[in-house]
Structure formats: structure tokens, C-alpha cells
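Trainee: give me coordinates for this.
(chains A, B, C and D)
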2 protein chains.
Amino acid sequence: MSSASSNKAEREILDKYLARTGVRRSAQRYKIMDVFLSAEHHITVSELSDLIKKKYPAIGAATVYRTMKLFCEAGIAEEIVIGDGVVRYEHKYGHEHHDHLICTDCGKFIEAKDSQIELLQQKLAERHDFSPTYHRLQIFGLCKKCQKD
Amino acid sequence: MSSASSNKAEREILDKYLARTGVRRSAQRYKIMDVFLSAEHHITVSELSDLIKKKYPAIGAATVYRTMKLFCEAGIAEEIVIGDGVVRYEHKYGHEHHDHLICTDCGKFIEAKDSQIELLQQKLAERHDFSPTYHRLQIFGLCKKCQKD
DNA sequence: TTTAGTGCAAAGGCTTTGCAGATGT
DNA sequence: ACATCTGCAAAGCCTTTGCACTAAA
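Mentor: Numbers count the residues shown, from 1 in each chain, chains lettered A, B, ... in the order given. Here you go, the predicted structure:
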């Protein structure tokens, strides 16, 4: 897993954020960042916390929860909520907005984007005198593989 | 609060469902249905449970949780998840699918629909060999009132 | 040295579950 | 009568918080 080079850019973002806000750099924060960035793309804190416990047993779950919030503020992670009502985080850096196709059978996520839909969403909001800042589109169904089963 | 006549149809649905599946009719289920149908449109079980505790103190929270799941199966309620990771229920009967504009300031929900977006979503799914069953679109931002403040 | 960050454990909140008693069929 | 449903309380889970200790700056 050579996540080193791709993590470098994120590390710079984190450093920049930490410097800018006067927040301290700690070994834990970099370790959590490494595990987060090499982990699955849509991960819950408790899943992430388990991964971290394996690799760095000394880091407590509370720190992971606290750190993920920090990462959101720093612009490295973004909170998303899938159908099950659980907060998940996805990598934000170098990762533009996309919608999700979610297989209700195997749980697979497909990331997709349609600029025409985005535009229509904008117009829909305008019709309701609503000023949108972001949106979330999740399409549930069966992925190619699960349609056969 | 004259919810009686509008509730009549739902009660029939519930009766039909109960009859069809061999599930029993109980006083609690009808009471929970009445409170649910006259309550706010997007309600969490714990909110609903509080309302029910006021009107029918004898009904326990566990029953409310169990009953809402039953209502989903019966087609009277539908689970939705807003940005905060909490499961909410909305009335399904006589209420076709719609998307949500959610004000991040006052929490207001606007229900909206755009058939062109729906169509494009369908096509988006097809492009990914994905067979959609349902979707959820949430647009976050500021409602008309909160834009002024 | 001084203040933020951390780990641990306890507390919180919401949801589910086990069980004995109540209730529908 | 008999299987389901209910209420209560306990247990579960995930997440947050308080506090003394550690470690950046």
C-alpha cells in the first residue's frame, strides 16, 4: 500500500491548516490521517477507530472522533450520511463532489456525477426561493453484479 | 385538530395490512398511528415517543420503535435520513415521492419534485449498469426567510 | 512553562432485546 | 388456549465528556 506519495499533499493541507489556526501537530493526528487516507472511501468513525486500534493500539477512540471533526474543519474529510443513519467520512482533498449509487444487496458504492442534474437542482432550488450550498444525492438499487444473483 | 377523516384512509391501510399478514390489531398501534399522522411531517422516533407519552402515558418507547418499523412494512411510513444522521419517518400514504430542500439555519423542510431530475437520475444509473429502486435527494442551504437574516 | 491534546473511564443518548404478564383471535 | 404484543428494565452501541497526564510550542 504505497499511500505515501498521495498522502503527502494531504499532509501539507493539514500542516497548513494547523499552522493557520494555531492547532498543534501531533503524532496521533498524522497517524490517524494515514489510516484514514488508505482506508475505504466511506468509513464510519468506529470502523476507522478499529483499524487504528490494530495499527496504533495506543490511540484511543475518543481521539479518533475528535480528530475526524478537526479534519472536516481542515478540509481533508467530509461528513456524509448514507441510508442507515450513520455518519461516514470521505476524503475530500482531490476529490470533487459526486453522487452515490448504493447497492442495497452488497453495499457497494459507486460514485457518479451528472452536471445536468446539478444544474436542474440549482434551478429547482431557485424556484423555491432557496439558496443552496450543497446537496446529497443517493440512488439505491442493485449493482451489475447483484442483479444477476 | 381534525385528523379524523384523513386518518380514516390510513387506518384502512393498516387494517388491510394487518389482515393480510396476520399481524394483530392493537389499541396501541392505532393510537401510535393517530399521533404519527397528526405530528410533524419528518419526525424521529424519540420525538414521536415523547408526543405519545404525553397523550398516552401508558405506551412505552419500545413499542413505538417496534411499531414504526411495522408501519414502514405496511406502507404507511417511510424512513428518511437527514444530514444529522438521525432516522426520521414521514407519512407515505397519499404522499408521493419528493426531494427535500433543507434550511441549515432554521431547519425548515421544503418538499419539492422535478420529473426531469428523476429522469436523468434513471439515465445516470443506467450508465453505471445500476438498477435503481429508490433515491434520496437532499439540497441544503438557506430558505427565503433565513437568507435575509 | 503554559496551554492544547490525549487516554482512560464514565456518562449520555438513542435503540434494541429479554421476559413475564396482558391481549387479540 | 395460544401465539402475539406490550411495558418495563436491562443491555448494547456509538459518541461525547471530564479529568489528570503528556507533550507541543
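Trainee: helix, strand or coil: sort out the residue positioned nearest the centre of chain A for me.
Mentor: Taking Cα atoms, centre = their mean as the criterion, A:E90 is the residue nearest the geometric centre of chain A, at 0.9 Å. Using DSSP: H, G, I helix; E, B strand; the rest coil, the three-state assignment for A:E90 comes out as strand.
Trainee: quick check, it in contact with A:E40.
Mentor: No. Contact between A:E90 and A:E40 fails when scored by Cβ atoms under 8 Å: they sit 9.4 Å apart. Every residue, glycine included, has its C-beta placed from N, CA and C.
Trainee: burial of whatever residue of chain A ends up closest to DNA strand C, as a residue count?
Mentor: Using Cβ to the nearest atom of the strand, the closest approach of chain A to DNA strand C is made by A:T63 at 2.9 Å. Using other Cβ atoms under 10 Å in any protein chain shown, A:T63 has 17 other residues around it.
Trainee: can you check A:E73 too?
Mentor: 11.
Trainee: what helix or strand does it sit in?
Mentor: helix A:61-74 (DSSP states H and E).
Trainee: show the secondary-structure elements that that helix is packed against.
Mentor: helix A:4-21, helix A:27-38, helix A:45-55, strand A:77-81, strand A:87-91 (3 or more Cβ pairs under 8 Å, 6 or more residues apart in numbering or on different chains; DSSP states H and E).
Trainee: any idea which of the ones you listed gets closest to B:D34?
Mentor: strand A:77-81 (30.1 Å; Cβ to Cβ).
Trainee: run the chain-centre distance for that closest one.
Mentor: Computed by Cα atoms, centre = their mean, to the nearest Å, the chain-centroid distance of strand A:77-81 equals 5 Å.
Trainee: just stretch A:142-149 next, same as before
Mentor: 25 Å.
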